[in-house]
Each structure stands twice: as structure tokens, then as C-alpha cells.
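Novice: Could you look at this predicted model? Sequence included:
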Amino acid sequence: MSRDCAYYLTRYALDKYSFNDFSVNDHRGEWLADLGSTGNFRFDEIDELVEAATAVKSQTGATVKCAGNIWDITEVEWLKTVDDVYCLLYEAEEGIQNLCKRIAAESDIYTEESFRKSVQITLTDEGELSTYRDGVIRLLQPSAFVHEYIHHTLNYSFKEGWIAEGLAVYYSRDYEEAYVRGHNMFGDSFQKWYEEGIIDDESMAKMEQDGAAEYELTIVDYYQKLREKDKDQNNQYTCYEYANGLTDLSFFGTETRENLKYIKTIRDVYDIAGSMEKMDDLGFDLTYQAAMVITEDLIAKYGLDSLVESSGSFEEDFGMTSDEYIKNYIDNKLYMHFLED
Ligand SMILES: [Zn+2]
């Protein structure tokens, strides 16, 4: 609990109860309900970790140590209140713990403890993207935290940037789904376009002008097929990610896709980040979501440990070059099983 919250809770309780009552009863839930909060009050192990965080004033803000990670908390547009900071620390820690559990379950090499690695995080408003380099995450939006954390902990051969991104998108999906949901980021237009398949005339005209109608309508079609499979689940964001990845793979190498200037491939994003070394592999032409789809199938076929224990060469690990692997995957439409029942 942040200090502000603690202060008001204490006042609330002391106004209504004796000090003795206060010290033996938990009045937090009652206090929050009184404030109009509808959320269930919880105080769990992660709250304990966040409460134990220490903060030291720095030149530009504060340096916060929380659960082994070091956060440079500076003034940024997307962090306004003490509660925002609390949420950021809480959700990041929750994301790390869930990730470690999942990796430990899929790997014989890692345990939850051995997979976990301390990281440094700097908050920023600058640039287009969150990035990870040399042990430091530059965070531009909280939803990207686990993605960047995975770059810190789970690497594959440096040459195969598409697998690094595929791993990061694949293993951060649950976190992002929860984040988008928890922060009400599914807009009305999203519901109409994807859930109901209703696209307004203006957007439709714009899509046709861009030569994007076929591509975008395929995303909607795939989205609805994926949602149909799991109707009762709250997985809109995940379905959206897969619909994009599968559409990108369906249109890979076609004129339609080449002409769609707004599609960002891994190559484009690495260019923006100025971190491109090896540019000529086919994998860099994939979108992030397409890389996720192929990486997921690679893991399903060979296991996560085949990537963890890599020799450093895709060809030695999997018996062909990554270009050959991707080409075969796309030519034979090996991704279509995602759309089947
Ligand atoms: Zn990344």
C-alpha cells in the first residue's frame, strides 16, 4: 500500500474505531467500499514485496528497489499518481512470477528461481518503443514490461532476431491480455470491428484506398473463428494477436502485403530502434505476431529447452537454415491448425 493510502486508511479507521479496534481488525476492505471501490480488496504476497520496496531520492526522481529489481522512477506522462507507481511495481512483479512459473513448467533446465534474473528499469517518454539492452529495460509503456524482461532472461542465437521476438511475444501474451483487460483498453471500435464484424463506411473506404481491405477483412474473419473456439473466455487480445499473425503468414510474399506500408515487420522495428546488425534473413520480414506463431510451433515440436540449449546455429539445432524452416512453414500453411477446431 502506498503511503498516501496508508495515511487515509489510518485516519478512516481511527475516526470510526478505537486504536485497539484498528490494531486487531483489518479495515481496508471496509474503507475501500466506503470510498466507492467495487474491486475486491486483496493483500497478497506481491503486495508484501511491493510494500517492502525501498526508495531513495535521485536527481530526477527516485530509485526504487523492489524484489531485486532497480527502478529509476522519473517523471513520465504515463505515471501520474502514487497508485500508478504501485500498480506498475505490482503488475511487473506479478508478470515476472507468472512467467517464471510457466517457464519452469515447460523446461527441465530452469526452475522458477534459476530463471529469474534481476533487471534495471528506466522509465521514458522518448522514442517509439520500449527497448532492452545490456541489462536495462527502457520502458515506454507498462504493457511492454514482460516482453522486454523476456529479452533479458530468454535468448536465442543473436542472428535469429525473429525467435527472440517470437519468444517475447509468445511468453508475454498472458500478461498483456491481463493488462489490456485490467486497464480497459478494449475500445468500442475494437468490439465493433472484431467482435461484431461491423466496419464503418469511412474506415472501409480508407482500407480500400490503401489496398488493405482484403488483408483487414481476413484479420476480422480469423479473429471471429478464433473467438468462436473459446467463446466464454476473456481472450480478445490474444485472438487479435493470433488473427494478425495468421493473416500476415497467409499474405506473406504477396503483392497485397508488400504494398501495405503500415505493416511493421521485425526489420522495420529494429530499424527504428537502431539495433539492426543482421538484416538479410527471412525471419526479419515477419511481423511480431507471425514470429510468435512460428516460434510457438517450433517450441511445440522441439520443446523450449531445444532453444535454451542452442548451439548458436539454427541449422545445427534444427537441421536446416531458418530461411528454409520459415519458407517450408509458410508454403505448407503449417499455421492453419490454429484455426481448426
Ligand atoms: Zn522485443
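Specialist: Structure received.
Novice: Would you mind listing what in the chain touches the ion?
Specialist: 165, 168 (CB under 5 Å from the ion). Bear in mind the C-beta positions are built from the backbone N, C-alpha and C, glycine included.
Novice: Quickly list the domain ranges of the chain.
Specialist: 1-43, 45-154, 167-339 (automatic domain parsing).
Novice: Reformat the ones you listed as JSON lines; add mean pLDDT and distance to residue 160.
Specialist: Output for those, formatted as JSON lines (pLDDT from 0 to 100; distance: least, CB to CB, whole Å):
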{"stretch": "domain 1-43", "mean pLDDT": "73", "distance to residue 160": "41"}
{"stretch": "domain 45-154", "mean pLDDT": "94", "distance to residue 160": "13"}
{"stretch": "domain 167-339", "mean pLDDT": "92", "distance to residue 160": "6"}
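Novice: can you put these in CSV and add mean neighbour count?
Specialist: Shown next, in CSV, are these (neighbours: other CB atoms under 10 Å):
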stretch, mean neighbour count
domain 1-43, 12
domain 45-154, 17
domain 167-339, 17
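Novice: Now render these as TSV, adding distance to residue 161.
Specialist: Formatted as TSV, the domains of the chain follow (distance: least, CB to CB, whole Å):
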stretch	distance to residue 161
domain 1-43	39
domain 45-154	10
domain 167-339	6
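Novice: quick one, strands of the stretch 101-250 of the chain?
Specialist: 120-123, 131-133, 136-139 (DSSP state E, counting those that start in this stretch).
Novice: With distance to residue 95 added, can I get the ones you listed in CSV?
Specialist: CSV is the format used below for the strands of the stretch 101-250 of the chain (distance: least, CB to CB, whole Å):
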stretch, distance to residue 95
strand 120-123, 12
strand 131-133, 14
strand 136-139, 12
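Novice: closest to residue 302 out of the ones you listed?
Specialist: Of all those, it is strand 131-133 that lies closest to residue 302, at 24.8 Å by CB to CB.
Novice: Partner strands of that closest one, with direction?
Specialist: strand 136-139 (antiparallel) (DSSP bridges).
Novice: Using PDB, write out every CA atom in the partner strand.
Specialist: The C-alpha trace of strand 136-139 is given here as PDB (Å, rounded to 0.1, in the frame of the first residue of the first chain):
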ATOM      1  CA  VAL A 136      18.500  -2.300 -18.800                       C
ATOM      2  CA  ILE A 137      14.800  -2.000 -19.900                       C
ATOM      3  CA  ARG A 138      13.800   1.400 -21.200                       C
ATOM      4  CA  LEU A 139      10.100   1.300 -20.500                       C
END
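Novice: residues in contact with that strand?
Specialist: For strand 136-139, the surrounding residues in contact (CB atoms under 8 Å, 6 or more residues apart in numbering) are 119-124, 127, 130-132, 145, 148-149, 152.
Novice: Then stretch 88-96?
Specialist: Residues outside stretch 88-96 that contact it (CB under 8 Å, 6+ apart) are 46-47, 49-50, 53, 64, 66-67, 69, 71, 79, 116, 121, 142, 145-146, 149, 172, 175, 179, 182.
Novice: With stretch 61-71 instead?
Specialist: So stretch 61-71 is contacted by 49-50, 52-57, 72-75, 85, 89, 92-93, 96, 116, 118-121, 123 (CB under 8 Å, 6+ apart).
Novice: got the end-to-end distance for it?
Specialist: Start-to-end span of stretch 61-71 (CA to CA, to the nearest Å) is 10 Å.
Novice: can you map out the helices along the stretch 201-341 of the chain?
Specialist: 201-209, 213-229, 236-250, 255-259, 266-273, 288-302, 304-308, 314-318, 322-331 (DSSP state H, counting those that start in this stretch).
Novice: Just give the closest residue to residue 126, not the sequence neighbours.
Specialist: Nearest residue to residue 126, sequence neighbours excluded (CB to CB, 6 or more residues apart in numbering): residue 140, at 7.9 Å.
Novice: Correct me if wrong: that neighbour contacts residue 127.
Specialist: Yes: in this structure residue 140 lies within contact range of residue 127 using CB atoms under 8 Å: 6.4 Å.
Novice: ok, back up a step: any idea how far the residue nearest to residue 126 is from residue 165?
Specialist: The spacing between residue 140 and residue 165, counted by CB to CB, to the nearest Å, is 16 Å.
Novice: what do you get for residue 104?
Specialist: 22 Å.
Novice: just residue 65 next, same as before
Specialist: Residue 65 is 30 Å from residue 165, by CB to CB.
Novice: Which residues are in contact with the residue nearest to residue 126?
Specialist: Applying CB under 8 Å, 6+ apart to residue 140 gives the contacts 124-130.
Novice: so of the residues you listed, which ones are in helices?
Specialist: Assignment to helices by DSSP state H places none of these there.
Novice: and which of the residues you listed is nearest to residue 216?
Specialist: residue 128 (22.4 Å).
Novice: do you know how far the closest one is from the ion?
Specialist: 13 Å (CB to the ion, to the nearest Å).
Novice: That residue contacts residue 272, doesn't it?
Specialist: Yes: contact criterion CB under 8 Å: residue 128 and residue 272 qualify, at 5.6 Å.
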